[in-house]
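*Asks:* Build me a structure from this.
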Amino acid sequence: MPCVTIQVPRSVATTVRSPSFKDRPEAARLDLDPVTSLTPPSLPAAVLWDMDGTLVDTEPYWMAAEVELVNSFGGVWTHDDGLALVGQGLWISAGILKSRGVDLELDEIVTWLTDRVQKQLDDVGIPWRPGAKELLAKLRERGIPTALVTMSVRRMAEQIVANIPFDAFDLIVTGDEVSNPKPHPEAYLKAADLLDVDPRHCIAIEDSVAGLASAVASGATTIGVPHVIPLPDTDEHTLWTTLEGRTVDDLIDLATARTAAL
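*Replies:* Now for the predicted structure:
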């Protein structure tokens, strides 16, 4: 298809910049969509990060807390039981724990688990996943918007973010702020909406099956970085064994290739 150059007359350009443009009658307005659509969005428009297991290695803390809680009510909770909860919403997990004999309300279970994990973070420090903080820093240096999209509650997410020695995220979306936990796409769609970007132009980074399903359903280009559980190898997402050594250009290439294929 031949390239067409669109020239906007000086008089029209002046009209568009006029402060009273919105007050002009419909016939005097210029529809800018055909012009602005010639400029593709910068890719990725944003990078959306999962937290537990992706940015920080907290899954062992959650699993230890689950064992302690179930045991305190005389039940048994195995390592495999813990693996089954990886990536699930906290209230979904609390319901499963309650069904295994934990005689507390769901909110109480979520609070108890979160308190235990946060104490571990205070006592031991933040266990960063390999390459995650470094890649995040490079994204910020390049001016690419970022969001933390986690099923943990806000107070824990803020504890993690407070320990990052730079301005890491434009916003945080947490599990206590959405109606539908992962694998539903609500959290990722909310993050994209708050950033005012198209989720199809975003990259999401995840470590769990539920998280992958959530990100893929949102339309984002999705990267799975396996940690405590294996991830399926499908055309719906890209698998990276680690974030260590990965660059912003790797993310740009992935987002660009995926957008071209749409």
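*Asks:* Buried ones in whichever strand or helix holds E66, by neighbour count?
*Replies:* Using DSSP states H and E, E66 falls within helix 59-72. Within helix 59-72, the residues scored as buried using 16 or more other CB atoms under 10 Å are E59, Y61, W62, M63, A65, E66, V67, L69, V70. (Each C-beta comes from the backbone N, C-alpha and C, glycine too.)
*Asks:* now the first one: how far from T114?
*Replies:* To tie it back to what came earlier, the one meant is E59. 14 Å (CB to CB, to the nearest Å).
*Asks:* quick one on the thing from earlier: which of the buried residues of helix 59-72 lies closest to E134?
*Replies:* Nearest to E134 among the buried residues of helix 59-72 is E59, at 20.3 Å by CB to CB.
*Asks:* Quick check, that closest one in contact with M51.
*Replies:* No: the pair E59 / M51 is not scored as a contact, 10.6 Å apart, by CB atoms under 8 Å.
*Asks:* which stretches of the stretch 151-262 of the chain form strands?
*Replies:* 171-173, 202-206, 221-224, 238-239 (DSSP state E, counting those that start in this stretch).
*Asks:* give me every residue that touches the residue nearest to N163 when sequence neighbours are not counted.
*Replies:* Nearest residue to N163, sequence neighbours excluded (CB to CB, 6 or more residues apart in numbering): I126, at 4.7 Å. Each residue near I126 by CB atoms under 8 Å, 6 or more residues apart in numbering is listed here: V56, I160, N163.
*Asks:* Now list the buried members of those residues.
*Replies:* By 16+ other CB under 10 Å, the contacts of I126 give V56, I160 as buried.
*Asks:* Just put the contacts of I126 in a markdown table and tack on pLDDT.
*Replies:* Shown next, in a markdown table, are these (pLDDT from 0 to 100):
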| residue | pLDDT |
| --- | --- |
| V56 | 98 |
| I160 | 97 |
| N163 | 96 |
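*Asks:* Could you look over the strands of the stretch 151-262 of the chain and pick the most buried one?
*Replies:* Among these, strand 202-206 has the highest mean neighbour count (mean count of other CB atoms under 10 Å), at a mean of 28.
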